[in-house]
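A.B. asks: Any chance you could fold what I've pasted below:
(2 chains)
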Number of protein chains: 2
Amino acid sequence: MINLPSKLNLWRQSFEERFEAIQNTLYSEDHSLHQACRYALAGQGKRIRPLFAMAAAEACSGRPEDALSLAVAAEMIHTYSLVHDDLPCMDDDDMRRGRATTHVIFDETTALLAGDALLSDAFLVVANDRELSAEIRANAVAQLAMAAGGRGMVKGQALDMYWTGRNDFTRADLDSIHLNKTGALIAASCSLGGLAAGATSTQVQTLEAFGRGIGLVFQIIDDLLDTAEGTGKSLGKDANLGKLTYLSLMTAEAAKNHAARLTDETLALVSSWGSQADALKQLGLSLLERKV
Amino acid sequence: MINLPSKLNLWRQSFEERFEAIQNTLYSEDHSLHQACRYALAGQGKRIRPLFAMAAAEACSGRPEDALSLAVAAEMIHTYSLVHDDLPCMDDDDMRRGRATTHVIFDETTALLAGDALLSDAFLVVANDRELSAEIRANAVAQLAMAAGGRGMVKGQALDMYWTGRNDFTRADLDSIHLNKTGALIAASCSLGGLAAGATSTQVQTLEAFGRGIGLVFQIIDDLLDTAEGTGKSLGKDANLGKLTYLSLMTAEAAKNHAARLTDETLALVSSWGSQADALKQLGLSLLERKV
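C.D. replies: The predicted model follows:
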């Protein structure tokens, strides 16, 4: 787990409460589709995207709580992507976050449909948050949909599948996979926080750039942790699957240095934002230092 | 094909132009994900949902053209659902609209991802239509997401898969499958047209009820056509798969009568709307009389 100071822990609590309430509204029926949606959402993730959304709201002088439903939507989209990525026709993974994956507990059909439901319903959550103005809701839907769709996360996953098992790739190919597959949704989470706080479009763009940088750092560290014990993922799984990782291009030492440099550059984007951006910067730094 | 009077043909042309322009924006890159999205969207559907959206806009004294991007979004969501429904872990269908299905032309992974992209990007299309007010865009996203998600179309598909091959179902089970699987998105298409025209919430609700009724009629006729030649679908496919159809519960004659009665009841919902609702009523009637 990220070592969160107490403020971030409170944010996380607020997030879990809103997340639970929204799940109770969306998936209360007694059939396997709703059970599978809840099972998928119950995996205790690190809540990186929600926390970045809330920290970004604070960084723009807003209330972190105003970003809660946008944070839930980002986490739902993240979860849908994991459910689909784990399917047999994708990475065929049986374990995720230390638990059996959704298609193992239910079946492939139900897992596919649960992912579809989570993706649609994430947009429902954004569009239905009457605490936010219609302008903010519409802009948030656009940001999230752009990040998730065929020029964002889905493209990143398609590139990832394309390159798996090949070794004629360049650093640019690897960056492109990760910027789309991981970076786009983390970037959107940051910009959603800004939107919820009524930030200017310049601020929102800076937050997006911040999120893209942080997303790359997250992925480099992920590659380093892939070969480490105790992450709840299958050990060395990505490398064994023939996935492109930074460690195929550079030593672990060089990867760590690259991540540290990238973190510095990224934090510098908001260096003039004052102390209200402290939590955002702290979160960014925690990705570099995380152990799981 | 539905026998469309010339006005509806013009609408269809406008739709195809907007649809093409949006595809050019979203899926212009030279890789298999974008190719698969375009392949899936190129299946010449009947454009039922887009035409209902445009007719509903006119029925509420609006311009049918104002509903165009919402119509595109509805068609994209319809297309994503077909791509996923045809996958091996779902109905495992090789043919659709007289062409090989997306996973047959590409592969299962690419088809799954193309469906995911179409679903996300449909919401991008709605959220980005700056001709509509933010309020309309946010409401349209909510309508579409509700219709598509875990309490709408995806639930209908899950129920459909659950009941396949069983014979202890009731009429209520069958209606519930179809109201969710087919009816929800047709209903949303009608209400989207109303939203684009700035209709009152009472009008939008009436349009939704209209769409639900018409959606059921569509499905009953679909079941009747399933056993008929020349539809471009595999003949008797649904029945052979053990799918629930109205013909397992009643004779073809009784099903036809039921559809005709339901059509009358549904058209009556807008009987007081005057001649501006003529195209909407004509479209509703055309579903009862369609041959493919």
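A.B. asks: How far off centre is the top helix by length along chain A?
C.D. replies: Secondary structure of chain A per DSSP state H: the longest helix is helix A:201-226. Put simply, helix A:201-226 sits 10 Å off its chain's centre (C-alpha atoms, centre = their mean, to the nearest Å).
A.B. asks: Next secondary structure element downstream of it?
C.D. replies: helix A:237-240 (DSSP states H and E).
A.B. asks: ok, and what's touching that next one?
C.D. replies: For helix A:237-240, the external contacting residues (C-beta atoms under 8 Å, 6 or more residues apart in numbering or on different chains) are A:Asp93, A:Asp223, A:Asp226, A:Thr227, A:Ser234, A:Thr245, A:Leu247. Bear in mind the C-beta positions are built from the backbone N, C-alpha and C, glycine included.
A.B. asks: In contact with the nearest residue to A:Ile105 once chain neighbours are set aside, which residues are there?
C.D. replies: Nearest non-adjacent residue to A:Ile105, counting by C-beta to C-beta, 6 or more residues apart in numbering or on different chains: A:Tyr39, 6.0 Å away. By C-beta under 8 Å, 6+ apart, the residues touching A:Tyr39 are A:Thr102, A:Ile105, A:Phe106, A:Ala114.
A.B. asks: Can you give me the distance of the second one to A:Gln35?
C.D. replies: Between A:Ile105 and A:Gln35 the distance is 9 Å, computed by C-beta to C-beta, to the nearest Å.
A.B. asks: Same question for the first one.
C.D. replies: For A:Thr102, the distance to A:Gln35 (C-beta to C-beta) stands at 10 Å.
A.B. asks: Neighbour count: the two, which is higher?
C.D. replies: Taking other C-beta atoms under 10 Å in any protein chain shown, A:Thr102 and A:Gln35 do not tie; A:Thr102 has more neighbours (28 against 17).
A.B. asks: Wait, that one touches A:Ala111, no?
C.D. replies: Yes: counting by C-beta atoms under 8 Å, A:Thr102 touches A:Ala111, with 4.2 Å between them.
A.B. asks: joint contacts of the two?
C.D. replies: A:Ala36, A:Ala40, A:Val83, A:Asp86.
A.B. asks: confidence score at A:Ala228?
C.D. replies: If you check A:Ala228, the pLDDT there is 67.
A.B. asks: ok, back up a step: just the buried ones among the contacts of helix A:237-240, please.
C.D. replies: The neighbour count (16 or more other C-beta atoms under 10 Å in any protein chain shown) marks A:Asp93, A:Asp223, A:Asp226, A:Thr245, A:Leu247 as buried among the contacts of helix A:237-240.
A.B. asks: how about the nearest residue to the first one, chain neighbours excluded?
C.D. replies: Put plainly, it is A:Asp93. A:Asp86 is the one closest to A:Asp93 (C-beta to C-beta, 6+ apart), at 4.3 Å.
A.B. asks: in terms of contact, does the one you found touch A:Ala100 like I think?
C.D. replies: No: judged on C-beta under 8 Å, A:Asp86 makes no contact with A:Ala100 at a distance of 9.9 Å.
A.B. asks: how near is the residue nearest to A:Ile105 to chain B?
C.D. replies: A:Tyr39 sits 13 Å away from chain B, going by C-beta to the nearest C-beta, to the nearest Å.
A.B. asks: same thing with A:Thr227?
C.D. replies: A:Thr227 sits 26 Å away from chain B when distances are taken as C-beta to the nearest C-beta.
A.B. asks: Which member of the contacts of A:Tyr39 is positioned nearest chain B?
C.D. replies: Proximity of the contacts of A:Tyr39 to chain B (C-beta to the nearest C-beta) peaks at A:Ala114, which lies at 7.7 Å.
A.B. asks: least trustworthy helix or strand in chain A by mean pLDDT?
C.D. replies: helix A:237-240 (a mean of 72; mean pLDDT, DSSP states H and E).
A.B. asks: which strands and helices sit next to the very next helix or strand once past that one?
C.D. replies: Per DSSP H and E, the first helix or strand lying C-terminal to helix A:237-240 is helix A:252-268. Under the contact criterion of 3 or more C-beta pairs under 8 Å, 6 or more residues apart in numbering or on different chains; DSSP states H and E, helix A:252-268 touches helix A:201-226, helix A:278-289.
A.B. asks: Flag every buried residue along the last one.
C.D. replies: Within helix A:278-289, the residues that count as buried by 16+ other C-beta under 10 Å are A:Asp278, A:Ala279, A:Leu280, A:Lys281, A:Gln282, A:Leu283, A:Gly284, A:Leu285, A:Ser286, A:Leu287, A:Leu288.
A.B. asks: What helices and strands are in contact with that helix?
C.D. replies: When contacts are defined as 3+ C-beta pairs under 8 Å, 6+ apart, helix A:278-289 packs onto helix A:6-26, helix A:48-59, helix A:201-226, helix A:252-268.
A.B. asks: taking those together, which one is wrapped up most tightly?
C.D. replies: helix A:48-59 (a mean of 30; mean count of other C-beta atoms under 10 Å in any protein chain shown).
A.B. asks: Wondering if the helix or strand just after that helix reaches chain B at all.
C.D. replies: Next helix or strand after helix A:48-59 toward the C-terminus (DSSP H and E): helix A:68-85. Yes: Helix A:68-85 reaches chain B (C-beta under 8 Å from any C-beta of the partner chain) through A:His84.
A.B. asks: what inclination does helix A:68-85 have with respect to helix A:6-26?
C.D. replies: Calculated by axes from the mean of the first three to the mean of the last three C-alpha atoms, to 10 degrees, helix A:68-85 forms an angle of 70 degrees with helix A:6-26.
A.B. asks: Can you give the distance of helix A:68-85 from its chain's centre?
C.D. replies: Relative to the chain's own centre, helix A:68-85 is displaced by 7 Å; criterion: C-alpha atoms, centre = their mean.
A.B. asks: same question, stretch A:77-89
C.D. replies: Worked out by C-alpha atoms, centre = their mean, stretch A:77-89 lies 13 Å from the chain centre.
A.B. asks: For stretch A:168-183, buried residues please.
C.D. replies: A:Phe169, A:Asp173, A:Leu174, A:Ser176, A:Ile177, A:His178, A:Leu179, A:Asn180, A:Lys181, A:Thr182, A:Gly183.
A.B. asks: From those residues, which one has the minimum pLDDT?
C.D. replies: A:Phe169 (88).
A.B. asks: rewinding a little: including distance to A:Arg261, could the shared contacts of A:Thr102 and A:Ala111 go into JSON lines?
C.D. replies: As requested, those are arranged in JSON lines below (distance: C-beta to C-beta, whole Å):
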{"residue": "A:Ala36", "distance to A:Arg261": "42"}
{"residue": "A:Ala40", "distance to A:Arg261": "36"}
{"residue": "A:Val83", "distance to A:Arg261": "34"}
{"residue": "A:Asp86", "distance to A:Arg261": "32"}
